[in-house]
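Engineer: Quick check, what structure comes out for this input:
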Amino acid sequence: MAPHRLTPAEIAELRRTLPAWQVTEGQLVREIQAPTFAIAINWVVAIAQAAEAMDHHPDIDIRWRTLHLALSTHSTGCLTALDVDLAHSIDAIMC
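Structural biologist: Take a look at the predicted model:
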């Protein structure tokens, strides 16, 4: 079964439920600064483990201590509930 596509109202609601994230060009995006490069790498590993468990994989770009994350459901070409769930998982890792 295909993941639930987010409606425009659900996408607008993301500003409240995922305040650290922005919707840009059909993706949920977030930039995170780590205190050290080693911690940034540890976060990438933790995000990868969460993504594997969900079988839903983000785009991750790391530049020294800065992680750039982009979530979208490539198979649907839009944002879905999978992206929201993964964003919440990533937020929990950052706590």
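
Engineer: Now do the longest helix seen in the chain: which elements does it pack against?
Structural biologist: Identified as the longest helix of the chain according to DSSP state H is helix 37-54. Helix 37-54 makes packing contacts with strand 59-63, strand 66-71, helix 81-94 when contacts are defined by 3 or more CB pairs under 8 Å, 6 or more residues apart in numbering; DSSP states H and E. C-betas here are computed from N, CA, C, even on glycine.

Engineer: Take those and lay them out in TSV including mean pLDDT.
Structural biologist: Below are those laid out as TSV (pLDDT from 0 to 100):
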stretch	mean pLDDT
strand 59-63	96
strand 66-71	97
helix 81-94	95
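
Engineer: what's the angle between the longest helix of the chain and strand 66-71?
Structural biologist: For helix 37-54 against strand 66-71, the angle by axes from the mean of the first three to the mean of the last three CA atoms, to 10 degrees is 10 degrees.

Engineer: could the helices and strands packed on helix 37-54 go into TSV alongside mean neighbour count and distance to A34?
Structural biologist: Below are those laid out as TSV (neighbours: other CB atoms under 10 Å; distance: least, CB to CB, whole Å):
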stretch	mean neighbour count	distance to A34
strand 59-63	13	9
strand 66-71	18	7
helix 81-94	18	9
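
Engineer: Out of the ones you listed, the one nearest E31 is which?
Structural biologist: strand 66-71 (5.4 Å; CB to CB).

Engineer: any idea how far that closest one is from the chain center?
Structural biologist: Put simply, strand 66-71 sits 7 Å off its chain's centre (CA atoms, centre = their mean, to the nearest Å).
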